[in-house]
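Peer 1: structure for this input, please:
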Amino acid sequence: MTPASARRFSAIGLAITLVTVICAILWAFPIYWGIVSSLKPDDEVVRAYIELWPDTLTFEHYIFALTQTQIGIWYVNSIATAIGVTVLTVGTSIFAGYAISQLRFPFRKPLWWLILASFMVPTQVLIINHFVLMANMGLLNTWAGIILPQLIHPVVIIVYKQFFDQVPHDFREAAILDNASEWRILFKVYIPMNWGVTTALAIVTFIWAWNAFLWPFLAVTRTDMMTITVGITQTNDSFGVYYASELGAAVLAGFPVALAYLLFQRRVTEAITLSAGIKG
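Peer 2: Below you'll find the predicted structure:
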């Protein structure tokens with residue numbers, strides 16, 4: 001490589017780095033602004049000009065959220081429903097992906113096409129049907145009513161199906177020769193080969209379920225059954241909106257997800273890459 005070419009590539013790399021840093025700052029600024037605003041008194045939050053740091057630092061909004069709301073109950077509800085959604089989604093998707101990949105049964109291909117076609121149906125279109133169904137079953141204001149309609153994740157089934165397709169058939173044939181049942185083949189052969197995928201999908205599904213707002217907002221009217229995303233809207237009262245208090249509650253609500261992402265960043269990135277590849 002000539003010195004001119006080296007300088008050209010160096011300039012391109014510098015430009016890409018600069019653009020990346022600018023994009024990162026633009027992405028992170030709303031988060032920074034929300035955290036800083038939650039540390040301001042209410043009168044500073046509604047000022048007409050921008051202040052990058054509060055004149056008076058206060059934790060009163062966090063104290064209010066922790067002592068004057070039911071945020072502890074909302075945390076429990078969010079943890080319970082997110083775990084329920086994650087376990088059931090991953091569990092059913094494993095079975096569905098394995099069945100479509102390895103078993104032969106009537107209408108297998110039409111079922112697979114139906115799963116693929118489900119990408120064209122926005123989740124919001126099903127909200128009314130879900131609400132009517134849960135109401136008729138008496139499951140509104142219950143954990144089951146929050147969990148069940150959130151179990152539709154075709155991408156998880158598709159990811160499992162593709163990974164099961166990639167497992168060499170020699171493993172399955174050897175297990176069959178040993179008189180292994182389908183359950184044993186699945187749990188002793190296929191799943192151990194895909195623990196990384198299972199972990200990644202479980203983490204992303206948990207984060208998605210934790211952040212869900214629309215369905216829990218519609219399915220729950222009792223304050224003690226609200227999840228954290230719905231509960232933080234209760235920091236307002238009849239006298240108006242307290243932006244700093246809402247931001248403080250929102251920071252507390254997002255902290256577990258942010259912590260989970262920092263701890264499992266590689267797995268989360270892997271799952272997002274897999275999902276994006278399937279959707280693409």
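Peer 1: burial measure for A260, as a count.
Peer 2: Neighbours of A260 under the rule other C-beta atoms under 10 Å: 16. Backbone N, C-alpha and C define where each C-beta goes, glycine included.
Peer 1: which residues sit in contact with the residue nearest to A249 when sequence neighbours are not counted?
Peer 2: Residue nearest to A249 in three dimensions, not counting chain neighbours: I232, with 4.0 Å by C-beta to C-beta, 6 or more residues apart in numbering. I232 makes contacts with A65, W74, E246, A249, A250, A253, as judged by C-beta atoms under 8 Å, 6 or more residues apart in numbering.
Peer 1: again, but for F206
Peer 2: With contact set as C-beta under 8 Å, 6+ apart, F206 has these partners: A82, I83, V85, T86, A260.
Peer 1: would you mind giving those as TSV with distance to T92 added?
Peer 2: What follows is these, written out as TSV (distance: C-beta to C-beta, whole Å):
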residue	distance to T92
A82	16
I83	15
V85	11
T86	11
A260	22
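Peer 1: those residues, buried ones only, as a PyMOL selection?
Peer 2: PyMOL command restricting the contacts of F206 to the buried ones, with burial defined by 16 or more other C-beta atoms under 10 Å:
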select buried, resi 82+85+86+260
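Peer 1: which of the contacts of F206 lies closest to T199?
Peer 2: The closest of the contacts of F206 to T199 turns out to be T86 (C-beta to C-beta; 11.1 Å).
Peer 1: where helices are concerned, which of the contacts of I232 count?
Peer 2: Members of the contacts of I232 lying in helices (criterion: DSSP state H): A65, W74, E246, A249, A250, A253.
Peer 1: avg pLDDT for the helix or strand containing A15?
Peer 2: Secondary structure from DSSP states H and E places A15 in helix 3-38. Computed over helix 3-38, the mean pLDDT rounds to 79.
Peer 1: and if you look at stretch 113-132?
Peer 2: Stretch 113-132 carries an average pLDDT of 85.
Peer 1: now do that stretch: distance to the chain's middle.
Peer 2: Mean C-alpha position of stretch 113-132 versus that of the full chain (C-alpha atoms, centre = their mean, to the nearest Å) differs by 18 Å.
Peer 1: in the helix or strand containing A135, which residues are buried?
Peer 2: Assigned by DSSP H and E, A135 belongs to helix 127-136. For helix 127-136, a neighbour-count test (16+ other C-beta under 10 Å) marks H130, F131, M134 as buried.
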